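Visitor: sequence-free structure coming up:
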C-alpha cells in the first residue's frame, strides 16, 4: 500500500515475488542431501528475489510520476489471491514434501499470471524504464526453461512432464 492508502501494485507484487522466493528457498533447504536439486531451487529463489528488487526499483523510479496509470486488472484482490496461495505453499514446506510435489507447486506458480503481471508492472514507467528493469534480472522465459530442464532431470512423473511441456 502507498502512504495514501490506495493499492500499490508494485509494492504488492514485489511482496508476491518475495513469497515465491521463500517457497523456492524452502525447497532448497528440503533437498540439502541432493546438491544439484538444492542448488537449482536456490538459484530459482535468487531469481525471484531479483524480480522483487526490480519491482521495488521500478517503484522508486516512477514514484513521482503524476500520471501513473495502474492497470485495473492489477487489483488488490488478485494480489491477495496470490498471497493466500503462496502462504499455503509455504505451509506445505515440510521435510515430507517430495521432489515431485515441489515441482508441482513450482509449475503452478510459474504457470500462473504472476509473470504476466510482473511484465505489466514494469511497463508502468514507460518503455525505457521497462527495458532497463527487464535487463537487470533473469527473464521469466529463461526461468521456465530452467524449470523444465530440471524437471526432466529430477522427475519421471509423466503428468508433471506434460504440464511443463505446455509452457
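Guide: Great, that's in hand. Quantities reported herein were computed from a predicted structural model and do not represent experimental measurements.
Visitor: I'd like to know which elements the longest helix seen in the chain is packed against.
Guide: Longest helix of the chain, by residue count under DSSP state H: helix 35-62. For helix 35-62, the packing partners by 3 or more C-beta pairs under 8 Å, 6 or more residues apart in numbering; DSSP states H and E come out as helix 9-30, helix 99-110, helix 114-122, helix 127-136, helix 140-154. Using the backbone N, CA and C atoms, a C-beta is placed for each residue, glycine as well.
Visitor: where does this protein have its least confident helix or strand?
Guide: Within the chain, confidence by mean pLDDT, DSSP states H and E is lowest for helix 127-136 among all helices and strands, at a mean of 73.
Visitor: Could you check that one and say which residues are buried?
Guide: 129-130, 133-134 (16 or more other C-beta atoms under 10 Å).
Visitor: Show me what that helix is packed up against.
Guide: helix 35-62, helix 114-122.
Visitor: What about residue 45, how many residues nearby?
Guide: By other C-beta atoms under 10 Å, the residues close to residue 45 number 21.
Visitor: Got the confidence number for it?
Guide: On pLDDT, residue 45 comes in at 96.
Visitor: any low-confidence regions in this structure?
Guide: Under the criterion pLDDT under 70, the flagged ranges of the chain are 1-5, 64-73, 93-94, 125.
Visitor: again, only using 80
Guide: Scanning the chain for pLDDT under 80 picks out 1-6, 61-75, 92-96, 115-116, 118-141, 167.
Visitor: re the thing from before, could you identify the helix or strand that succeeds the longest helix of the chain?
Guide: Once helix 35-62 ends, the next helix or strand along the chain (criterion: DSSP states H and E) is helix 76-91.
Visitor: Can you list the buried residues in that next one?
Guide: Applying 16+ other C-beta under 10 Å to helix 76-91 flags 78-79, 82, 85-86, 89 as buried.
Visitor: For residue 31, state which of those residues is nearest.
Guide: residue 89 (15.7 Å; C-beta to C-beta).
Visitor: That closest one contacts residue 109, doesn't it?
Guide: Yes: with contact defined as C-beta atoms under 8 Å, residue 89 reaches residue 109; the gap is 7.4 Å.
Visitor: Please identify every residue contacting each of those two.
Guide: Shared between the contact lists of residue 89 and residue 109 (criterion: C-beta atoms under 8 Å, 6 or more residues apart in numbering) are residues residue 23.
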